[in-house]
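A.B. asks: pasting the sequence and the predicted coordinates here, then a few questions.
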Number of protein chains: 2
Amino acid sequence: MATIYEVSKLAGVSLATVSRVMNQNAYVTDATKQKVLDAMKELNYRPNSAAQSLALNRSDSVGVLVAELDGPFYGPVMAGVESELRKAGKHVIIAAGHDDEETEKEGVEFLIGRGCDALILLAETLPNEYLIELSKRDTPFVMLNRSTKTLESQCITLDNQLGGYLATKLLIEQGHRDIAYISGPLWKHDAEDRFAGHKQAMEEAGIEVDPALLFESDYREAGGSSGFLQLLNSGRKFTALACANDEMASGAMISAVQKGIRIPDDLSIVGFDNVHYARLLTPSLTTVEFPINEMGKMAARWVLKNAYGKTKLSYNNYFSPKLIQRHSTKPPASK
Amino acid sequence: MATIYEVSKLAGVSLATVSRVMNQNAYVTDATKQKVLDAMKELNYRPNSAAQSLALNRSDSVGVLVAELDGPFYGPVMAGVESELRKAGKHVIIAAGHDDEETEKEGVEFLIGRGCDALILLAETLPNEYLIELSKRDTPFVMLNRSTKTLESQCITLDNQLGGYLATKLLIEQGHRDIAYISGPLWKHDAEDRFAGHKQAMEEAGIEVDPALLFESDYREAGGSSGFLQLLNSGRKFTALACANDEMASGAMISAVQKGIRIPDDLSIVGFDNVHYARLLTPSLTTVEFPINEMGKMAARWVLKNAYGKTKLSYNNYFSPKLIQRHSTKPPASK
DNA sequence: TTGTAGGCGTTATCAG
DNA sequence: CTGATAACGCCTACAA
């Protein structure tokens, strides 16, 4: 690979001049500029980014940590981040945290070690203390779907509680009173908030939250299936089921159908996230929209603004969920 | 950030020694080694990877180019690649090509410019000539789901034709004779191959391929919907439909249901890829498995072997598709 | 076993 | 406007 030195020799100028035309940050005669450009073309010159990073103390790459690289939720985040960052000439380095504290920490160190200029973290298991420590180091970072008190300005969040509230409220408005709930792992902040929203809606309607109609699951499809089955076996009747995410809702739906339960006639189901395939289920799933792609873009803009000094950029760091009504919910059959 | 120089000073040794204990590639007294280790800990030292890259001419990162970062197909590829590479201490840099030739080329240059040691390409639009040119440059690369004659050893492929064949053959074996086909964009190699498999099965059964029962679409759900509708409006009867991927199959399925067509009673549908949600559709979708996650891992191993000299590693570069029978297919209703 | 010194490819600060 | 030259942080012969 050609170096800047060879280019300068061929063009008959000094390296400094070559560097100048590359970075267009200083005046160079059109004539010499042309000579340099020609030389670069002829040698098929590409700057060595490691050398640039070293000299500039900046790598033009930002690290993204998500739990998984596949799955209907994380894909759109990365897509949003990448599209926005790429436009700005920045690179995306990705690490998966697999919902494991140790792995997530390793991921962060991995990314920092790689010289990322900033980090975008979608991490559930990292303890607040760790994040606070991290904020004292030199790599700026922004968090998605997580709110840490002392780091508010670095958080891009969705009002999960409102989402949970809207979902259950719809059910109530439709006339349901016996409403079961399958939550995500309650140590996760968003699961906790969504559940709080559910309770809020119930209380507001004067309905007591029956512990027998609650099941704490894992945000996964299989977990939704087994949760539903447990609820069913408990013997307590319910005409509606709210799930803390669409994956569990789809699992529950599959299990319900297998048990001969008709949806929404015998049972209404509402999910959360509005993943891509929610619309494809039969019946199509009523759910709460989580604008995760958009939030990914906002995270990217946060980075552009706060780590790359693009001060003109603006971004949102608070999003509101919206209810998406489809066909998995309807008023309960009158007895 | 502390540098190797500060560590050496604190430990009272030379930089060379520090470097040696870091890289564990030369003998160092246990005593001095300990001193160095202590100093590193105390300063919370992390090597600067840009400097390492510059000195070693190696970045320990590999570039991955896929069409999209979301979607049910690409996620599992990245997950496979990342998991395998991460184990080996390599980083993954991701770029999206968006199925556009110019964007894909930019992506490749972007990745090379970033100093990737190797590339994993899942690119449909890059012309063979470009790839051949690329193979003459210094960054080794492997391609997924694409076979370029002169670059066979760098291709990890699935037998798409066999897959297409299996899908249609199932339909035929079930007694269908009037079989419609919605293909992917035929300029894509895999779409072409899958379609070839379809024709092969038809011919083998002595059934003529009726052009009125073919529709070339775009591999997307909406394309499957509109394709199906066109087929329906053509007036030609068909009792089964093979789609070149699951996304189009799901689109077709949705449209069929909206038209009051029962699946599989009135119409059998088979897809391709076995994406995650194929199982969640109603009825669950019969399809052809594309072990894309596994193939991603293989690509990673190719890189480890061919770009990082891990010669002991072995990998497969040829995969066979398997039919996954579910509930969207059954013998046609007897008239 | 340990230290010295040169080099990796760029950028940036000075002079000129 | 252009050219030396000193960083940037690390690796690796070569010496000691």
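C.D. replies: Now that the structure is in, tell me what you want to look at. Residues are numbered from 1 along each chain as shown, chains lettered A, B, ... in the order given.
A.B. asks: where do the helices sit along chain A?
C.D. replies: With DSSP state H, the ranges of helices along chain A come out as A:4-11, A:15-23, A:30-43, A:49-56, A:74-87, A:101-113, A:128-136, A:160-173, A:189-204, A:221-233, A:246-258, A:292-308.
A.B. asks: touching DNA strand C at all, the last one?
C.D. replies: No. Applying C-beta under 7 Å from any atom of the strand, one finds helix A:292-308 out of contact with DNA strand C, separated by at least 13.8 Å. For every residue, glycine as well, the C-beta is placed using N, CA and C.
A.B. asks: report all helices and strands that that helix contacts.
C.D. replies: Under the contact definition 3 or more C-beta pairs under 8 Å, 6 or more residues apart in numbering or on different chains; DSSP states H and E, helix A:292-308 sits against strand A:61-66, helix A:74-87, strand A:118-121, strand A:141-144, strand A:155-158.
A.B. asks: same thing but at 7 Å, please
C.D. replies: Other helices and strands packing on helix A:292-308, by 3 or more C-beta pairs under 7 Å, 6 or more residues apart in numbering or on different chains; DSSP states H and E, are helix A:74-87, strand A:118-121, strand A:141-144, strand A:155-158.
A.B. asks: average pLDDT for the longest one?
C.D. replies: Just to be clear, that refers to helix A:74-87. Regarding helix A:74-87, the rounded mean pLDDT is 93.
A.B. asks: re the thing from before, so which of the helices and strands packed on helix A:292-308 gets nearest residue A:251?
C.D. replies: Ranking the helices and strands packed on helix A:292-308 by proximity to residue A:251 (C-beta to C-beta) places helix A:74-87 first, at 18.3 Å.
A.B. asks: between helix A:292-308 and the closest one, find me the angle.
C.D. replies: For helix A:74-87 against helix A:292-308, the angle by axes from the mean of the first three to the mean of the last three C-alpha atoms, to 10 degrees is 40 degrees.
A.B. asks: shaky segments in chain A?
C.D. replies: In the predicted model, chain A carries pLDDT under 70 at residues A:334-335.
A.B. asks: what parts of it come near chain B?
C.D. replies: For chain A, the contact set with chain B under C-beta under 7 Å from any C-beta of the partner chain comprises A:1, A:46, A:49-51, A:53-54, A:59, A:68-71, A:75-76, A:78-79, A:82, A:91-94, A:96, A:113-115, A:138, A:250, A:254, A:277, A:280-282.
A.B. asks: how does it look with 6 Å?
C.D. replies: Proximity of chain A to chain B, by C-beta under 6 Å from any C-beta of the partner chain, involves residues A:46, A:49-51, A:53-54, A:69-70, A:75-76, A:78-79, A:82, A:91-94, A:96, A:113-115, A:250, A:277, A:280, A:282.
A.B. asks: sorry, back to before: need the helices and strands packed on helix A:292-308 in JSON lines with distance to DNA strand C and mean neighbour count, can you?
C.D. replies: Converted to JSON lines, the helices and strands packed on helix A:292-308 look like this (distance: least, C-beta to the nearest atom of the strand, whole Å; neighbours: other C-beta atoms under 10 Å in any protein chain shown):
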{"stretch": "helix A:74-87", "distance to DNA strand C": "20", "mean neighbour count": "23"}
{"stretch": "strand A:118-121", "distance to DNA strand C": "19", "mean neighbour count": "26"}
{"stretch": "strand A:141-144", "distance to DNA strand C": "24", "mean neighbour count": "25"}
{"stretch": "strand A:155-158", "distance to DNA strand C": "30", "mean neighbour count": "22"}
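A.B. asks: around residue A:127, how many other residues sit close by?
C.D. replies: Other residues near residue A:127 number 12, with proximity taken as other C-beta atoms under 10 Å in any protein chain shown.
A.B. asks: ramachandran coordinates for the residue in chain A positioned nearest to DNA strand D?
C.D. replies: Among all residues of chain A, residue A:27 sits closest to DNA strand D, at 2.7 Å; criterion: C-beta to the nearest atom of the strand. As for residue A:27, its main-chain torsions (degrees, to the nearest 10) stand at phi -80, psi 130.
A.B. asks: ok, which of the residues of chain A next to chain B also contact DNA strand D?
C.D. replies: Among the residues of chain A next to chain B, the ones lying near DNA strand D by C-beta under 7 Å from any atom of the strand are A:51, A:54.
A.B. asks: please, a ChimeraX command that selects the buried ones among the residues of chain A next to chain B?
C.D. replies: Here is the ChimeraX selection string for the buried members of the residues of chain A next to chain B, based on 16 or more other C-beta atoms under 10 Å in any protein chain shown:
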select /A:49,50,51,53,54,69,70,75,76,78,79,82,91,92,93,94,96,113,114,115,250,277,280,282
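A.B. asks: now residue A:280: closest residue in space, sequence neighbours ignored.
C.D. replies: residue B:250 (5.1 Å; C-beta to C-beta, 6 or more residues apart in numbering or on different chains).
A.B. asks: repeat for residue A:261
C.D. replies: With C-beta to C-beta, 6+ apart, the residue lying closest to residue A:261 is residue A:267, at 5.4 Å.
A.B. asks: from residue A:173, how far off is that neighbour?
C.D. replies: 17 Å (C-beta to C-beta, to the nearest Å).
A.B. asks: who's residue A:241 bridged to?
C.D. replies: Residue A:241 has these beta-bridge partners by DSSP bridges: residue A:180, residue A:269.
A.B. asks: isn't it up against residue A:268?
C.D. replies: No. Look at residue A:241 against residue A:268 with C-beta atoms under 6 Å: they stay out of range, at 7.1 Å.
A.B. asks: which one's more surrounded, these two?
C.D. replies: The neighbour comparison of residue A:241 against residue A:268 (other C-beta under 10 Å) goes to residue A:241, with 32 against 25.
A.B. asks: contact residues of chain A facing DNA strand D?
C.D. replies: A:12-17, A:20, A:26-29, A:31-33, A:51, A:54-55, A:57.
A.B. asks: go again with 6 Å.
C.D. replies: A:13, A:14, A:15, A:16, A:17, A:26, A:27, A:28, A:29, A:32, A:54, A:55 (C-beta under 6 Å from any atom of the strand).
A.B. asks: what count of nearby residues applies to the fourth one?
C.D. replies: Residue crowding around residue A:16 was assessed by other C-beta under 10 Å; the count is 10.
A.B. asks: then the last one?
C.D. replies: Taking other C-beta under 10 Å as the neighbour definition, residue A:55 ends up with a count of 11.
A.B. asks: repeat for the third one
C.D. replies: With neighbours defined by other C-beta under 10 Å, the count for residue A:15 comes to 14.
A.B. asks: assess the claim that it and residue A:9 are in contact.
C.D. replies: No. Using C-beta under 6 Å, residue A:15 and residue A:9 do not qualify as a contacting pair, with a distance of 9.2 Å.
A.B. asks: burial measure for the closest residue to residue A:172 other than its chain neighbours, as a count.
C.D. replies: Here the nearest residue to residue A:172 in space, its sequence neighbours aside, is residue A:205; by C-beta to C-beta, 6+ apart that works out to 4.7 Å. Residue A:205 has 15 neighbours, counted by other C-beta under 10 Å.
A.B. asks: residue A:205 and residue A:239, how far apart?
C.D. replies: Distance from residue A:205 to residue A:239, counting by C-beta to C-beta: 14 Å.
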